[in-house]
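Participant: Show me how the following folds:
(2 chains)
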Amino acid sequence: MPSLNRAQLRELTRIVGDRGVRSDAGARSAYESDGFMLERATPEVVVLPRTTEEAAAAVRILRDAGLVIVPRGAGTGLSGGARPIAGGAILGTARMRDVLEVNETDRYARVQAGVVNVHLTSACASAGLFYAPDPSSQTACTIGGNVGNNSGGPHGFRYGSTTRHVLGLTLVDSEGEITRIGGPFPDPRFGYDLLGPLVGSEGMLGLVTEVTVRLLPQPRCVETLLCLFEDLDACCDAVSEMIARRLEPSAIEILDRLTIEAVEASVLRAGYPSNAEAVLLIEVDGGADEVASTSEDLIAVATEFGAFDSRRTTDPVERKKLWTGRKGAFGAMGRIAPDLYVADVVAPRTRLREIVRVAAAACEERGLRLANVFHAGDGNLHPNISYDRRNADEVRRVLEAGEIIMQACVDAGGSLTGEHGVGVEKQKEMCMFFNDEDLDAMKALKSAFDPVGFWNPGKMIPVRGCREIHTKPLGDSVGVTP
Amino acid sequence: MSTEGHRPHPSTKTSLIDHARSLDCIHCGLCLTTCPTYQLTGSETSSPRGRIHLMRAVAEDRLEPDAGFAEEMDFCLVCRHCESVCPAGVEFGAMMEFTRSSLREQQPPGPLARFARWVGFRRILPSRFGLKAAVLGLQLGQTLGLIRLAAPLLGLRGSVMRHLPKVPPRSERRPLPAVTPAQGEKRDRVLVLEGCVMPELFGRVNHAVARTLSATGLDVLSVPKHVCCGALHAHNGEMKDAEELARETIRRFDAVDPSARIVVDSAGCGAHMREYGRLLANDPEYAARAAAFGARVVDYSEELSLPAARARLRPLLRAGHGIEGPITWDDPCHLCHGQGVVDQPRQLLDLVPGLERREMTAANSCCGSAGIYSVLRPKDSLDVLAPKLEHLAKSGAKTLVTANPGCHQQWLVGIGREGMDVPVLHLAEVLDRAISAGE
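Facilitator: All right, here's what the predicted structure looks like:
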């Protein structure tokens, strides 16, 4: 396996400083996985540049040393995208955390890729602006990571995922060249829109070091609703009906009982009721009149579908609590078992209830604990399956259940991933959706940016052909480590 | 879910770690940005999640507990900010104490460090005589100008020492009387912890605490001959000493009054004393008693926020206290993260007439003091403080208020080195001055 010689290591240290290079076993081991714990692999070296120029210089050294590069933000991803397949270097943006510019008049911000999502929002709050994508890990995840995975979040329902908010990027390519794409004033666009393929490229086309994003004016009025149901099915159907009636909240989330219990037992307890089988957490924003009337209409639908109680609040402190609880749901599941598999699939909203049942049955048959929390408005489900990675058989059953859920979504006309990306987790399942010709087209795009396979190899695009994968038994392509 | 007690069983490296507790971490990463050392380095290895990962890897025999591992454990300030945001409820502070303690046992430090620790933990902290001797040494160094002379030779430590506040005059260092009687109608009685360093360097704070509590109708009882609660020992992995000091603390306090609430004005001590139950869980003689003792511990700001206390306090507070506003409150980590006390000090400060309070950005993040961390790792300690000093300057506050001797000292040093003109006060000093203004 290629590695750095002493002179190269010294040169890297000279460029990024003492704290920017970690090559000891312990330090590297902390980078062997992200939020996806089913597989791990340790990098040869971890490099943490502070600027685009440092990153470019580091790329040239790593390339000369023959190391492949895995870009990484805060390592909160859930598909294994930000950790190596075997060896190579992690090129992390965690020290690139300056907000370079907030332009209130033209409503954009230019940030280094390692800026934490929530820090961008606080940096523009005093100007009455906000950055819309709000993944649940927003207190830790980086804007660069959001770009890599085209992240969404609860408010993606109204505002769309990251791709709708990126105006420009700075990219370091495999030659160590710096390229600026797009910018704050993109309209009218001309030439090919290269931002399209770069957002959601999971670090496979280069390292994004700076991002220019659109900022939106804060809504004048925001109201959060909590509708309580005795039945998860009814809760799903209510969502479908709300959207059918042309109601437009900014977020619609469902949390089931097990999720509620885990959150309420944690420091992030939000005051979710313990007597509900499922709750709908909805946010409505806009002008005061619009918010009030939409809220009333939404509650009417919920009640019609069997909600036994509905609460509403405009108090910012209370609203924040309700959302903090929702966003801590993944971590809170740590109270139930040491590991959690967060599935991320999309189904047409009208078929939510059906998919939830498939997930429940798949887990029940395999003796697994399932908690549901999902961006119902987008039909983006996160069935959360608890497990213990030390139990190899349980891991196998989790993977089976995950695959059944994915297949059901694809069959229903949905998608493999809503916002967590493909990474290593769903490589094989790409073949449920795409055929070999589709994948060849993706490979051609990748080669156009990265002819030698230098950036994040072994992710997203299956290494073997689909025909071969389809003949293998379930769970086989994912290596299980204790 | 977690194993009880602290004392690891030495011998194998898997026993270095509280493995069961490490399983609580689900690797979500929400802790990252709260961590001062992750903020400083951007390295996930130096984050709570990373450290738990290292601990688990050692316990599962996938990683050697080498010098790099020990260094990463020592780099942590144990501010416990991560615990405040951890949805899985990982008890990080307890895990770190366990790991440090077993590292000390299995990989003892070199002879010089061992001697320094012996002097500090055995001869100074738990002994009034030792403390007085140490403070006398500091005082001599200050008055004779020795520190000024020696500072250039001591590097960063020297620069820190030069900015240490003057040892206060003897009048401020006298112990509290056995009883400070309630003013007006007596409501109740409470015990107070005078502490180890507090009486020597911040005796005026202890006196302000006694005066303000008694002004609200409390008999304030001090505990003669008690010196140290053992918090610094526990944070630095000296668990046997910590357990012994906990037992002694319980005996001495209970001898004065076995049921009164115990009011603590030093956040680090309060957070530790609240957890005596866990510390002594494996001691059959003391387990129940320690848990009951821990339940009686309250922070000074909590005591005064009880409705009956507030009702008595409010009319006593007057403008004309001479404190320059605006003021800002800096949360000691072991108050807000260790004890969950966030609103009470702010609300008490807001009761003081004629005093504007401003929020400082990141008031709940660590100042870098972290017990004796500032002595052991002066560079890291000052690096952690640096952004806080910027936030202080930006807040425009003219006075900084806190409630922990370590933080108090750290701020004085940092503000002194920056040449800023911002006095640092303990919450009790603010309230005491506002009461005296009315007398």
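Participant: can you list the residues of the stretch 1-150 of chain B near chain A?
Facilitator: B:1, B:23-33, B:38, B:40-45, B:47, B:49-50, B:53-54, B:57, B:62-64, B:66, B:68-69, B:72, B:83-90 (Cβ under 8 Å from any Cβ of the partner chain). (Glycine included, C-beta is placed from N, CA and C.)
Participant: I'd assumed residue A:353 was in a helix, is it?
Facilitator: Yes: the assignment for residue A:353 is a helix, going by DSSP: H, G, I helix; E, B strand; the rest coil.
Participant: Show the contacting residues for it.
Facilitator: A:232-233, A:236-237 (Cβ atoms under 8 Å, 6 or more residues apart in numbering or on different chains).
Participant: Now the buried members of the residues of the stretch 1-150 of chain B next to chain A.
Facilitator: B:23-33, B:38, B:40-45, B:47, B:49-50, B:53-54, B:57, B:62-63, B:68-69, B:72, B:83-90 (16 or more other Cβ atoms under 10 Å in any protein chain shown).
Participant: Apart from its chain neighbours, what residue comes closest to the closest residue to chain A within the stretch 1-150 of chain B?
Facilitator: Closest to chain A within the stretch 1-150 of chain B is residue B:88: 2.6 Å, counting by Cβ to the nearest Cβ. Nearest residue to residue B:88, sequence neighbours excluded (Cβ to Cβ, 6 or more residues apart in numbering or on different chains): residue A:334, at 2.6 Å.
Participant: Wait, that neighbour touches residue B:89, no?
Facilitator: Yes: counting by Cβ atoms under 8 Å, residue A:334 does reach residue B:89; the two are 7.4 Å apart.
Participant: So for the two, which residues contact both of them?
Facilitator: In contact with both residue A:334 and residue B:89: residue B:24, using Cβ under 8 Å, 6+ apart.
Participant: got a list of what residue A:307 touches?
Facilitator: A:227-229, A:234-235, A:238, A:280, A:299.
Participant: neighbours around residue B:257, how many?
Facilitator: 16 (other Cβ atoms under 10 Å in any protein chain shown).
Participant: pLDDT below threshold where in chain A?
Facilitator: A:1, A:186-189, A:465, A:467-482 (pLDDT under 70).
Participant: Walk me through the domains of chain A.
Facilitator: Per automatic domain parsing, the structural domains of chain A span A:6-92, A:99-217, A:221-332, A:337-466.
Participant: ok now the longest one, how far from the chain's centre?
Facilitator: Here the centre of domain A:337-466 is set off from its chain's centre by 13 Å, with Cα atoms, centre = their mean, to the nearest Å.
Participant: for the third one, same thing?
Facilitator: Per Cα atoms, centre = their mean, the displacement of domain A:221-332 from the mean C-alpha position of its chain is 21 Å.
Participant: That one: end-to-end distance?
Facilitator: By Cα to Cα, to the nearest Å, the extent of domain A:221-332 from end to end equals 30 Å.
Participant: Over to the longest one?
Facilitator: Across its full length, domain A:337-466 reaches 34 Å between end residues, using Cα to Cα.
Participant: Up against chain B, what does the stretch 301-450 of chain A have?
Facilitator: A:328-335, A:338-340, A:388.
Participant: Separate out the buried members of the residues you listed.
Facilitator: Here, 16+ other Cβ under 10 Å leaves A:328-335, A:338-340 buried among these.
Participant: list the contacts for residue B:349?
Facilitator: Residue B:349 neighbours (Cβ under 8 Å, 6+ apart): B:327, B:329, B:355, B:357, B:401, B:427, B:430.
Participant: host element of it?
Facilitator: helix B:343-351 (DSSP states H and E).
Participant: in that helix, what's buried?
Facilitator: B:344-346, B:348-349, B:351.
Participant: in the stretch 151-300 of chain A, which spans are helices?
Facilitator: A:156-159, A:195-198, A:232-244, A:257-264, A:288-304 (DSSP state H, counting those that start in this stretch).
Participant: To residue A:422, which of the ones you listed lies closest?
Facilitator: Across the helices of the stretch 151-300 of chain A, residue A:422 has its closest neighbour in helix A:195-198 (14.5 Å, Cβ to Cβ).
Participant: Contacts for the closest one next, please.
Facilitator: A:147, A:163, A:166-169, A:171, A:181-182, A:205-206, A:208, A:445.
Participant: Tell me the most packed of those, by neighbour count.
Facilitator: Result: residue A:208 is most packed of the contacts of helix A:195-198 (other Cβ under 10 Å), 30 neighbours.
Participant: Report the contact partners of that one.
Facilitator: Per Cβ under 8 Å, 6+ apart, neighbours of residue A:208: A:71, A:113, A:144, A:147-148, A:169-171, A:198.
Participant: Repeat the analysis, applying 10 Å as the threshold.
Facilitator: A:52, A:55, A:71, A:73, A:93, A:112-113, A:142-148, A:166, A:169-172, A:181, A:198-199, A:201 (Cβ atoms under 10 Å, 6 or more residues apart in numbering or on different chains).
Participant: Not counting its own residues, what contacts stretch B:431-439?
Facilitator: B:183, B:204-205, B:207-213, B:215-216, B:300-301, B:304, B:313, B:315-323, B:348-349, B:351-355, B:401, B:425-426.
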